[in-house]
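**Q** Provide a 3D model corresponding to the input given below.
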Amino acid sequence: MKLILTQTVTGLGEPGDVVNVKDGYARNFLIAKNKGIKWTEGGQKQVDQIKRAREARSVRNLDHARELQSALTAKVFPVEAKIGEANRLFGSINAADVVKAIETAGGPKIDRRILQLDHPIKLAGKHKIVAKLHPEVTATVQIKIG
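**A** As a prediction, this is how the structure comes out:
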């Protein structure tokens with residue numbers, strides 16, 4: 001089935017890309033999760049619009065990404081959590097918690113999906129998290145849990 005992607009799908013493409021996928025994958029995942037729409041000739045206008053928006057955003061985002069990089073690497077962001085024995089946390093810290101801590105500390109607003117957190121953090125102390133702000137710009141966010 002031929003689809004137009006409306007969101008980034010890892011391993012498949014970016015918004016505005018026209019892709020061929022199996023019918024079940026298209027119906028059960030991409031269309032159901034609003035990550036793609038069926039391709040039609042009229043839909044080609046939407047493809048062009050999505051691509052124009054993506055190009056405008058990428059040019060604008062490079063400078064903005066560098067500003068975010070300097071703001072995120074400038075300080076250590078505190079994260080509040082309950083700590084038990086042996087520096088173990090009650091629960092864990094995920095990307096959404098890190099974003100909330102950054103905003104609470106007066107840092108920039110970022111999307112949680114740019115943080116590359118392989119697994120939730122379960123130990124207190126200082127941790128470094130990589131944030132992919134742009135294909136050319138990454139930042140290392142330092143957090144202190146405790």
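
**Q** where does this protein have low pLDDT?
**A** Residue ranges of the chain with pLDDT under 70: 54-60.

**Q** now residue 142: closest residue in space that isn't a chain neighbour?
**A** Closest residue to residue 142 apart from its sequence neighbours, by C-beta to C-beta, 6 or more residues apart in numbering: residue 76 at 4.5 Å. In this view, the C-beta of every residue, glycine as well, is placed from N, C-alpha and C.

**Q** for residue 79, see how far away the residue lying closest to residue 123 once chain neighbours are set aside is.
**A** Distance criterion C-beta to C-beta, 6+ apart; nearest residue to residue 123, sequence neighbours excluded, is residue 87 at 5.4 Å. Distance from residue 87 to residue 79, counting by C-beta to C-beta, to the nearest Å: 14 Å.

**Q** ok, the residue lying closest to residue 99 once chain neighbours are set aside - how many residues close by?
**A** Spatial nearest neighbour of residue 99, excluding adjacent residues (C-beta to C-beta, 6+ apart): residue 112 at 4.8 Å. By the criterion of other C-beta atoms under 10 Å, residue 112 has 14 neighbours.

**Q** kindly report the same for residue 34.
**A** Neighbourhood size, residue 34 [other C-beta under 10 Å]: 9.

**Q** surely it and residue 6 touch.
**A** Yes: with contact defined as C-beta atoms under 8 Å, residue 34 reaches residue 6; the gap is 6.5 Å.

**Q** quick one: which of residue 87 and residue 79 has more around it?
**A** residue 79 (21 against 12).

**Q** residue contacts, the closest residue in space to the more buried one that isn't next to it in sequence?
**A** Distances taken as C-beta to C-beta, 6+ apart place residue 101 nearest to residue 79, at 4.4 Å, with adjacent residues excluded. Residue 101 is in contact with 77-80, 143, counting by C-beta atoms under 8 Å, 6 or more residues apart in numbering.
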